[in-house]
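[1] Compute the structure for the input listed below.
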Amino acid sequence: MVKHATPVVGLAAHLGRGVQRIATDAAIGRLRSLPRSVSDLDAPALSRVIGRRVTAVSLLGGDAGTSARARLALTGDDVPPTVFVKLAAETVATRLMGEMGRLGATETRFYRELSPRMTGVPDCHGSAFDSVIGRYVLVLEDLPADECEFPDTLHPLSADRAGLIVDLLARLHAKFWNRVPGWLYTASGDTASLLTGPLLKTSARRIGERTDIAVDAGRFIDENYRAVARLIDEPPHTVMHGDAHPGNVYFRNGEAGLLDWQAVRRGHPGRELAYTLVTGMTPEDRRAHQRELLDRYRETLAAAGGPNLDRDELWDRYRQGALYAYVAALITAGMGGMQAEGIALEGLRRAVAALTDLDTVELLQKSL
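    Below is the predicted model:
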């Protein structure tokens, strides 16, 4: 009874902390020092975050999602001419979702502690996180549009481009192999994962009501999520980006880079590789090239100082890891509001195809 009660208590405490932060922010947030919206990103505020004197700020553009985002032009003492800034989301509902995922705390800590040891990430000019009210500010390199290419799910990755991402992931994984910071946790170990099973069932029902995508292939995952999630999170562990779909990738000077490090987790690379290749490539291209891409990953991982992984074992962990692409895609498409519908549904189609041709459910059933 204690074993089953502990995760529920943890979830309640996690949710309660998020609600308390949002309530505290509503009560006293304006008395705190962090900007609350894009309009608050003035010269004094940015000077405090960057640690250099900013004399003028002008807005170049912005949008909103799980965070509020803006491109700004700066003048001042040794400051970059333009920056990309992320802040806490504008709506209470989205902020609560961010609190459940620890998005702001995770990303600001990643850029403060881990990104200086890595390549393939935007430079960070400054960050701040207020643990009392949950607000944050992250000032990043404004990646130049004339030097970078930003793909998305509707423009599938070629095998060559997927190989560049595999190389980047291999170098990331090698650097932190069995050396994962203690503050990172597995996706299955997150108390919020108690909500995933019910969300999968709700999403599957909604998808069935409004599309022709057959998600019955994932019913076993929907009904046994916590057990199969723990299975794919078994060690060995490394640092994972956690959300390396095409919309979080960029290419510059013949190499890949990764954006949006707010879902950084610890875990096995099979989960990350499956998610990336399944969401990024057409099913036909993935089937044709996935074995060679996994071999490329193994070679790059070993060359970068990581272990020599067994080929067959990685293949099976990759096949199991395809459940992560399915879970993320089904909830994104079923619940709505996180991606454009066309992108979300295409990601789900690819994920369902992978469950079938990789025999993921059958392998999970045998492994439990």
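[2] Show the contacting residues for the most centrally placed residue in the chain.
    Among the residues of the chain, D243 comes closest to the average C-alpha position under Cα atoms, centre = their mean, at 2.8 Å. Applying Cβ atoms under 8 Å, 6 or more residues apart in numbering, we find D243 in contact with 260, 262-263, 275, 328. For glycine as for every other residue, the C-beta is placed from the backbone atoms N, C-alpha and C.
[3] what about 10 Å?
    Each residue near D243 by Cβ atoms under 10 Å, 6 or more residues apart in numbering is listed here: 258-265, 272, 275-276, 279, 328.
[4] and R69, what helix or strand is that in?
    Secondary structure from DSSP states H and E places R69 in strand 67-76.
[5] and that strand, which residues are buried?
    67-72, 74, 76 (16 or more other Cβ atoms under 10 Å).
[6] how does the protein divide up, domain by domain?
    Following the assignment in automatic domain parsing, the chain carries domains at 2-141, 148-367.
[7] Would you mind finding the most buried of these?
    When you average the neighbours per residue for each of these (mean count of other Cβ atoms under 10 Å), domain 148-367 leads with a mean of 19.
[8] quick revisit: need the buried residues of strand 67-76 in TSV with distance to D190, can you?
    Supplementary listing: the buried residues of strand 67-76 in TSV, determined by distance: Cβ to Cβ, whole Å:
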residue	distance to D190
S67	19
A68	24
R69	24
A70	29
R71	32
L72	33
L74	36
G76	40
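[9] The strand holding R69 pairs with which strands, parallel or anti?
    Paired neighbours of strand 67-76 in the sheet (DSSP bridges): strand 54-64 (antiparallel), strand 82-88 (antiparallel).
[10] quick revisit: mind listing which of the contacts of D243 are in strands?
    Filtering these for membership in strands, criterion DSSP state E, returns 258, 265.
[11] Skipping adjacent residues, who's closest to E147 in space?
    Across the structure, with Cβ to Cβ, 6 or more residues apart in numbering as the measure, the residue nearest E147 apart from its sequence neighbours is R252 (5.5 Å).
[12] Hmm, that neighbour is touching L168, no?
    No - when contacts are counted by Cβ atoms under 10 Å, R252 is not listed as touching L168 (11.5 Å).
[13] Overlap of the contact sets of the two?
    Going by Cβ under 10 Å, 6+ apart, residues that sit against R252 and also against L168 are G120.
[14] what about the strands in the stretch 101-250 of the chain?
    Assigned strands in the stretch 101-250 of the chain, in chain order: 124-129, 136-141, 148-149, 238-240, 249-252 (criterion: DSSP state E, counting those that start in this stretch).
[15] for those, which one sits closest to S39?
    S39 lies closest, by Cβ to Cβ, to one member of those: strand 136-141, at 13.3 Å.
[16] Return the list of strands paired to the closest one, each annotated with direction.
    In its sheet, strand 136-141 lies beside strand 82-88 (antiparallel), strand 124-129 (antiparallel), with partners assigned from DSSP bridges.
[17] Any idea which of the ones you listed gets closest to R319?
    Closest to R319 of the strands paired with strand 136-141, according to Cβ to Cβ: strand 82-88, at 34.8 Å.
[18] So for that closest one, mean pLDDT?
    In this model, strand 82-88 has a mean pLDDT of 96.
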